[in-house]
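> Structure for this input, please:
(2 chains)
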Amino acid sequence: MSAETLTGVEPLAVTSSRQRRSGRGTVRRLGPLGVAAVVIVGLLVLAALLAPLIAPYDPAIGSVVERYQAPGAAHVLGTDQSGRDLLSRLLYGARTSLTGAAVVVLLAAAGGTVLALVATWFGGRVDALVGRLLDLLFAFPNLLLAILVVAVFGTGLTQAAVALAVAYVPYTARVLRSVALRERRLAYVQAAELQGLSGFVVTGRHLLPNIAPQILTGAAINFGYAMIDLAALSFLGLGVQAPTADWGLMVSQGQDSLLQGYPGQSLLAGACIVVAVAAFSVIGERLGGRRAGGRA
Amino acid sequence: MSLLELDDIRLDLPHRGGDRALLRGVSLRVAPGEAIGLVGESGSGKSMTLRTVLRTEPAGARVTGRVLLDGTDVRSLDAAALRRLRARDLAMISQDPRAALNPVLRVAEFLVEGLCDARGERRGTAERRVRDLLAQVGIADVDRCMDSYPHQLSGGMLQRVVIAAAVAGSPRLLLADEPTTALDVTTQSEVMAILDEQRREHGMAMLFVTHDLELASAVCDRIAVLYAGQIVEIGTPAQLHSAPRHPYTRLLLDSRPSLTATTPTLPVIPGRPVAAYEVGAGCAFATRCPWIAPRCRDGAVPLVEGDGRAVRCHRSDELRGELVRTSAPEVTG
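Sure thing, here's the model as predicted:
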């Protein structure tokens, strides 16, 4: 074992199929629409983070004298029925809308992943039990479940987000279960088991990292839905409460103004929701497509 | 005392319209440190025999018979005991190393964590041991190998890693299922030599599944020839090569292309391999055997021991002279 030993190591550039994705490869796979979506999401996150710095006014304070101002020099996007600056409210609204959706997605992904891994690992009865539990959750429409939780625990962003997370768990869990099940049948997982590794290590160290891309994809797609649902809850008055700025709440508060001939608030907030949701959906879909095509 | 004892292993798989037998009574003893080759055509049950030892037979399979490892019945262990057994006493080397390694773990993570979790070793000790082993299996740049992901290494390299992982736990029994089949020919012999060397050095017994009789002869102490879910002959490589006693062994040996003799056509065994569940009464090989006699078609044929070997053929005594291979090549090992 001397001269022949080095022949085994191939230069890294030769192995292309499973090479770690380079930045340029990602851009190519996302396509122009995907890149645009990433840029939009980046801008939204930036707006949410920098809201206190870049918002021209306090989003919660307005003067009645300045109500329903048309877009102009003082108020770039005009004001609402209470004379609050719409641009400021939209910027701050991005904060609540994005954090709310993030909480929903994180909780749902965590819960779904744990359930999926437990079901896959133990299989048999545990799998069946988890399956029935998910069926039970599936039977409730998302919003209905959320309304139920809010009715019991009170209104607010936290309650609404947790309620929605519970409603989202079955979707995440079901998809991930099938992915994990497929992965579990692969030779390397069985080899790990044959090494005598504990179930915890096999699932956590071997299965989990290999289904991470699907977890990410699911989360990106769910993010969009979560924004819509949270906006809907706020619109119904069950989520974010006034005077906090939130896109869903703004659409709802803009209703009266709409009838009075000032559609600005509802339209702008609605547009923000549509754009954000579309961007997240595109990213999720591109990630998913890349995944499906990227692996033999 | 034998390390591993297979006692009349039968395996049936449920199938539409009745069960299908895959193993029809496989019995085998492996002494400590002994290497036994399991040889046969596809579907003869050689891999399935390994899987009954590891308890990884297909879901729904019904297995009867006993698998004793050091007197412990492997088939009746609970999950925790089975895990301990796999961590301590058994190691598996499979066909395709690329499939057997987690694509997202570096080699170091895979090897070190395996030792830590399965055998409760300390990180530092485990890492030193892993480095030693990687050097032993002929990896020149250990640092670079430890730092690599599986996709960055070649198949031969990966199989060395798998061998290192198998040896790392100092198991007493190595189960190798065609460990070189997925590798290209030039690396095959290297990897096989390393496996053989490591096995001898650590005094491990081995069950070696292959369809290559020559390869098995080179590295095994004894060879069991399987046909249709049964062992038809078992003996040392020298015994099988010079004087096979089962017609199937003889025909198997004849159908190997020889390096020295040139034949216009390569002899083949007529007919097609018979699946274990297709076998009726009588000898399983009866449908293809050129030396068939009427009594071969009825009644099961027992495996008869004698002269330190065993054969499952009614006519083995009568055919003894006829089956001898005059031009048998030199066999080492």
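> From here on, just use CA atoms for contacts and neighbour counts.
Will do.
> the strands in the stretch 1-150 of chain B, which residues?
B:4-13, B:20-30, B:35-39, B:62-69, B:72-73, B:90-93 (DSSP state E, counting those that start in this stretch).
> and of these, who's closest to chain A?
Counting by C-alpha to the nearest C-alpha, chain A lies closest to strand B:90-93 out of these; the figure is 6.7 Å.
> ok now the closest one, how far from the chain's centre?
11 Å (C-alpha atoms, centre = their mean, to the nearest Å).
> does any bit of it sit next to chain A?
Yes. Counting by C-alpha under 8 Å from any C-alpha of the partner chain, chain A has neighbours in strand B:90-93: B:91, B:92.
> coming back round to it: looking at the strands of the stretch 1-150 of chain B, which is nearest to residue B:287?
strand B:20-30 (17.6 Å; C-alpha to C-alpha).
> Which strands or helices does the closest one pack on?
strand B:4-13, helix B:46-54, strand B:230-235 (3 or more C-alpha pairs under 8 Å, 6 or more residues apart in numbering or on different chains; DSSP states H and E).
> Can you lay out those as a markdown table showing mean neighbour count, distance to residue B:216 and mean pLDDT?
Shown next, in a markdown table, are those (neighbours: other C-alpha atoms under 10 Å in any protein chain shown; distance: least, C-alpha to C-alpha, whole Å; pLDDT from 0 to 100):
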| stretch | mean neighbour count | distance to residue B:216 | mean pLDDT |
| --- | --- | --- | --- |
| strand B:4-13 | 20 | 19 | 94 |
| helix B:46-54 | 22 | 13 | 93 |
| strand B:230-235 | 26 | 12 | 94 |
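> possible to save the ones you listed as CSV with distance to residue A:207?
Below are the helices and strands packed on strand B:20-30 laid out as CSV (distance: least, C-alpha to C-alpha, whole Å):
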stretch, distance to residue A:207
strand B:4-13, 28
helix B:46-54, 21
strand B:230-235, 37
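> any chance of these in TSV, plus distance to chain A?
Shown next, in TSV, are the helices and strands packed on strand B:20-30 (distance: least, C-alpha to the nearest C-alpha, whole Å):
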stretch	distance to chain A
strand B:4-13	18
helix B:46-54	8
strand B:230-235	26
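> residue contacts, the closest residue to residue B:12 other than its chain neighbours?
Distance criterion C-alpha to C-alpha, 6 or more residues apart in numbering or on different chains; nearest residue to residue B:12, sequence neighbours excluded, is residue B:21 at 4.3 Å. When contacts are counted by C-alpha atoms under 8 Å, 6 or more residues apart in numbering or on different chains, residue B:21 touches B:10, B:11, B:12, B:13, B:229, B:276, B:277.
> For residue B:21, give its distance to residue B:7.
In this view, residue B:21 and residue B:7 are 16 Å apart by C-alpha to C-alpha, to the nearest Å.
> so, in contact with chain B or not, whichever strand or helix holds residue A:286?
In this structure, residue A:286 sits in helix A:264-294 according to DSSP states H and E. No. Helix A:264-294 lies out of reach of chain B by C-alpha under 8 Å from any C-alpha, never closer than 14.1 Å.
> before we move on, the earlier item: which one of the helices and strands packed on strand B:20-30 lies nearest to residue A:116?
Residue A:116 lies closest, by C-alpha to C-alpha, to one member of the helices and strands packed on strand B:20-30: helix B:46-54, at 26.4 Å.
> tell me the angle of that closest one relative to strand B:20-30?
Angle of helix B:46-54 versus strand B:20-30, following axes from the mean of the first three to the mean of the last three C-alpha atoms, to 10 degrees, is 70 degrees.
> what about residue B:293, how many neighbours?
Number of residues near residue B:293 (other C-alpha atoms under 10 Å in any protein chain shown) recorded here: 11.
> what does the model give it for pLDDT?
What the model reports as pLDDT for residue B:293 is 89.
> pLDDT below threshold where in chain A?
Along chain A, segments meeting pLDDT under 70 span A:1-25, A:289-296.
> try 50 this time
Low-confidence segments of chain A (pLDDT under 50): A:1-21, A:292-296.
> can you tell me which helix in it is longest?
Across chain A, the helix with the greatest residue count (assigned by DSSP state H) is helix A:86-122.
> Pull the distance from that one to the chain's centre.
Distance of helix A:86-122 from its chain centroid, counting by C-alpha atoms, centre = their mean, is 5 Å.
> ok, and for that helix, which residues are buried?
Neighbour counts over helix A:86-122 (16 or more other C-alpha atoms under 10 Å in any protein chain shown) mark A:86-105, A:107-121 as buried.
> Do you know the pLDDT at the residue located most distally from the centre of chain B?
Relative to the mean C-alpha coordinate of chain B, counting by C-alpha atoms, centre = their mean, the farthest residue is residue B:124 (34.1 Å). Per-residue confidence at residue B:124 stands at 90 (pLDDT).
> Run through the residues that contact it.
Residue B:124 neighbours (C-alpha under 8 Å, 6+ apart): none.
> Next: residue A:84.
Counting by C-alpha under 8 Å, 6+ apart, residue A:84 touches A:57, A:58, A:59, A:60, A:61, A:62, A:63, A:66, A:67.
> quick one: it and residue A:267, what's the gap?
Distance, residue A:84 to residue A:267, using C-alpha to C-alpha: 16 Å.
> what does the stretch 51-200 of chain A put close to chain B?
So the stretch 51-200 of chain A meets chain B at A:186-198 (C-alpha under 8 Å from any C-alpha).
> rerun at 6 Å
Neighbours of chain B within the stretch 51-200 of chain A, by C-alpha under 6 Å from any C-alpha of the partner chain: A:187, A:188, A:191, A:194, A:195, A:196, A:197.
> hmm, back to that, run the angle between the helix holding residue A:286 and helix A:86-122 for me.
Going by the same axes, to 10 degrees, helix A:264-294 makes 30 degrees with helix A:86-122.
> And the helix or strand hosting residue A:50, what does it pack against?
Element membership of residue A:50, judged by DSSP H and E, is helix A:23-54. Taking 3 or more C-alpha pairs under 6 Å, 6 or more residues apart in numbering or on different chains; DSSP states H and E as contact, the helices and strands that helix A:23-54 lies on are helix A:86-122, helix A:264-294.
> Ok, which of these comes nearest residue B:283?
Among those, the nearest to residue B:283 by C-alpha to C-alpha is helix A:86-122 (42.7 Å).
> helices or strands up against the closest one?
With contacts taken as 3+ C-alpha pairs under 6 Å, 6+ apart, helix A:86-122 sits against helix A:23-54, helix A:157-184, helix A:208-235.
> now the ones you listed in TSV, with distance to residue B:192?
Supplementary listing: those in TSV, determined by distance: least, C-alpha to C-alpha, whole Å:
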stretch	distance to residue B:192
helix A:23-54	39
helix A:157-184	29
helix A:208-235	31
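> Could you dump the ones you listed into CSV and include mean neighbour count and distance to residue B:170?
Converted to CSV, those look like this (neighbours: other C-alpha atoms under 10 Å in any protein chain shown; distance: least, C-alpha to C-alpha, whole Å):
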stretch, mean neighbour count, distance to residue B:170
helix A:23-54, 15, 43
helix A:157-184, 22, 26
helix A:208-235, 22, 28
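> Nearest approach to residue B:224 belongs to which of those?
Distance to residue B:224, taken as C-alpha to C-alpha, is lowest for helix A:157-184 among these, at 32.7 Å.
> Now do the closest one: which elements does it pack against?
Using 3+ C-alpha pairs under 6 Å, 6+ apart as the contact test, the elements touching helix A:157-184 are helix A:86-122, helix A:142-153.
> and residue B:204, how many neighbours?
When neighbours are counted by other C-alpha under 10 Å, residue B:204 registers 22.
> From chain B, how far off is the closest residue to residue A:93 other than its chain neighbours?
Ranked by C-alpha to C-alpha, 6+ apart and with sequence neighbours excluded, the top spatial neighbour of residue A:93 is residue A:246, at 4.0 Å. Here the criterion is C-alpha to the nearest C-alpha, to the nearest Å. By it, residue A:246 lies 40 Å from chain B.
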